[in-house]
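S.K.: What shape does this take:
(one chain, ligands or ions: 1)
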Amino acid sequence: MVDFNDNSHRRYNILTGEWVLVSPHRTKRPWQGKEENVVNEIRPSYDAECYLCPGNERAGGHINEDYTKPWSFVNDFAALKKDVPLAKFKSGLLKAESESGICKVVCFSPDHSLTLPVMRVEAIDDVITLWQKEFKNLSDKADINHIQIFENKGDLMGCSNPHPHGQIWAQRTIPQEVAKKNKQLREYWHNNHSSLLGDYIKEEQELKERIISENENFIALVPYWAVWPYEVMIAPKKQHRNILTLNTEERLDYARIIKAVTIKYDNLFKISFPYSSGIHQAPTDGQDWESWHFHMSFYPPLLRSATVKKFMVGYEMFATPQRDITAEMAAKTLRNLSDIHYSNL
Ligand SMILES: [Zn+2]
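M.R.: Take a look at the predicted model:
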């Protein structure tokens, strides 16, 4: 049998139907690429210049509430706007259609200096509670059929403001990444009458090779088909189509595992670890998405140190994503890291 740990191979992503090229033999090659500067800045709890701190004025003249818990507002520079008239355009091979939606900003904490890994579990639980409230309110709107909750953390991910915050973009159509998963999840449900992701989690629990953290209700693992070097997926063990059906204990376990994963991330290179994270949930288009199983993915750009970034260029732009270290190697590294944040050691 071929040893996949030492030979190039490709792996199938059951959730999207796409492939990733894995080249583990390349991990020994010398690195002479770009290194990023590391800035481990200590930030104040309040910054008078920050447009997300409580009581401050934002561009456009809005004044932030004097909030003490997670707080959200409509993005002043939203990519999607409400009340866009429905229209389709077609001329020869050119095709377009109008798109409408609502973009919100979610401040995780009034404290400018914090990040998810150093927030208390109860405070992360408050963030999830606000996500639930937003998801419910947005999903009740007839013209909102998909809700994307996400966070861009760190300059490397293009996030210009270090204040702990994420975003929600809700829209009329189903975006591409989710449409791929709709198809895969539905097909598996049709053929097997069970959750594709639920069955995958059971396999991972038997193998134990890619799990990095686990509690009673949630699991965190490096997916078999991970593209980013230290990509992680968090999912509930029991099938939930979206975050609304989590009970209090499940919600707390979700908060605990978010904290556990982001602490390991920070401990990896002893920096505030950059990533994009997002929650994929069943569309809110009124269909019965019995096949859906919500999950949260973390896509971090760092590769072998705090200063070496992975770029998706060349072959990856033109052909298919590629990685060097295997999902198992990444999982082992993350699993073995301390569960206590390095700043407290
Ligand atoms: Zn701030």
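S.K.: Show me which residues of stretch 173-183 are buried.
M.R.: For stretch 173-183, burial by neighbour count (16 or more other C-beta atoms under 10 Å) applies to 173-174, 178, 180-182. Backbone N, C-alpha and C define where each C-beta goes, glycine included.
S.K.: And for that stretch, what's in contact with it?
M.R.: 15-18, 99, 145-146, 148, 280, 283, 285, 289, 292 (C-beta atoms under 8 Å, 6 or more residues apart in numbering).
S.K.: hmm, back to that, can I get the buried residues of stretch 173-183 in CSV including distance to the ion?
M.R.: What follows is the buried residues of stretch 173-183, written out as CSV (distance: C-beta to the ion, whole Å):
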residue, distance to the ion
Thr173, 33
Ile174, 34
Val178, 31
Lys180, 36
Lys181, 34
Asn182, 37
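S.K.: Show me the two of the residues you listed that sit farthest apart.
M.R.: Across the buried residues of stretch 173-183, no pair lies farther apart than Thr173 and Lys181, at 14.9 Å, counting by C-beta to C-beta.
S.K.: what residues are up against the closest residue to Ala87 other than its chain neighbours?
M.R.: Nearest residue to Ala87, sequence neighbours excluded (C-beta to C-beta, 6 or more residues apart in numbering): Ser98, at 4.6 Å. Ser98 makes contacts with 84-88, as judged by C-beta under 8 Å, 6+ apart.
S.K.: one step back: now render the buried residues of stretch 173-183 as CSV, adding pLDDT.
M.R.: Output for those, formatted as CSV (pLDDT from 0 to 100):
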residue, pLDDT
Thr173, 97
Ile174, 97
Val178, 98
Lys180, 98
Lys181, 98
Asn182, 98
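S.K.: still on that earlier bit, from the contacts of Ser98, which is closest to Ile211?
M.R.: The closest of those to Ile211 turns out to be Val84 (C-beta to C-beta; 43.8 Å).
S.K.: Pick out the residue in the stretch 151-300 of the chain sitting closest to the ion.
M.R.: Closest to the ion within the stretch 151-300 of the chain is His163: 3.3 Å, counting by C-beta to the ion.
S.K.: Please, which helix or strand holds that residue?
M.R.: Counting by DSSP states H and E, there is no helix or strand that carries His163.
S.K.: Quick check: it vs Gln132, distance?
M.R.: His163 is 22 Å from Gln132, where distance means C-beta to C-beta, to the nearest Å.
S.K.: Mind checking which of the two has more residues around it?
M.R.: His163 (23 against 16; other C-beta atoms under 10 Å).
S.K.: quick one: contacts for that one?
M.R.: His163 neighbours (C-beta under 8 Å, 6+ apart): 47, 50, 52-53, 107, 112.
S.K.: and those residues, which of them are in strands?
M.R.: Cys107 (DSSP state E).
S.K.: coming back round to it: which pLDDT value goes with the residue nearest to Ala87?
M.R.: Looking at Ser98, its pLDDT stands at 96.
S.K.: Please list which of the contacts of His163 also come close to the ion.
M.R.: Among those, proximity to the ion is found for 47, 50, 52-53, 112 (C-beta under 5 Å from the ion).
S.K.: Am I right that Lys181 is in a helix?
M.R.: Yes. Lys181: assigned to a helix according to DSSP: H, G, I helix; E, B strand; the rest coil.
S.K.: I'd like the distance between Cys107 and Gln322.
M.R.: Per C-beta to C-beta, Cys107 is found 37 Å from Gln322.
S.K.: quick one: low-confidence ranges for the stretch 51-200 of the chain?
M.R.: For the stretch 51-200 of the chain, no stretch has pLDDT under 70.
S.K.: Quickly list what the residue positioned nearest the centre of the chain is bridged to.
M.R.: Against the mean C-alpha coordinate of the chain, by C-alpha atoms, centre = their mean, the closest residue is Ser277 at 2.0 Å. Beta-bridge partners of Ser277, counted by DSSP bridges, are Glu151, Phe298.
S.K.: Contact partners for it?
M.R.: Here Ser277 is in contact with 150-151, 153, 166, 296-299 (C-beta under 8 Å, 6+ apart).
S.K.: From those, pick out the ones that also neighbour the ion.
M.R.: Okay, of the contacts of Ser277, nothing touches the ion (C-beta under 5 Å from the ion).
S.K.: okay, these in TSV with neighbour count next?
M.R.: Output for those, formatted as TSV (neighbours: other C-beta atoms under 10 Å):
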residue	neighbour count
Phe150	16
Glu151	22
Lys153	24
Gly166	24
Met296	24
Ser297	21
Phe298	23
Tyr299	17
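S.K.: What is the nearest of these to Lys69?
M.R.: Gly166 (14.8 Å).
S.K.: Can I take it that the closest one is in a strand?
M.R.: Yes. Assessed by three-state DSSP, Gly166 belongs to a strand.
S.K.: secondary structure element for Glu250?
M.R.: Assigned by DSSP H and E, Glu250 belongs to helix 248-269.
S.K.: Who are the packing partners of that helix?
M.R.: helix 121-139, strand 211-214, strand 218-221, strand 232-236, strand 295-299, strand 302-305, helix 327-335 (3 or more C-beta pairs under 8 Å, 6 or more residues apart in numbering; DSSP states H and E).
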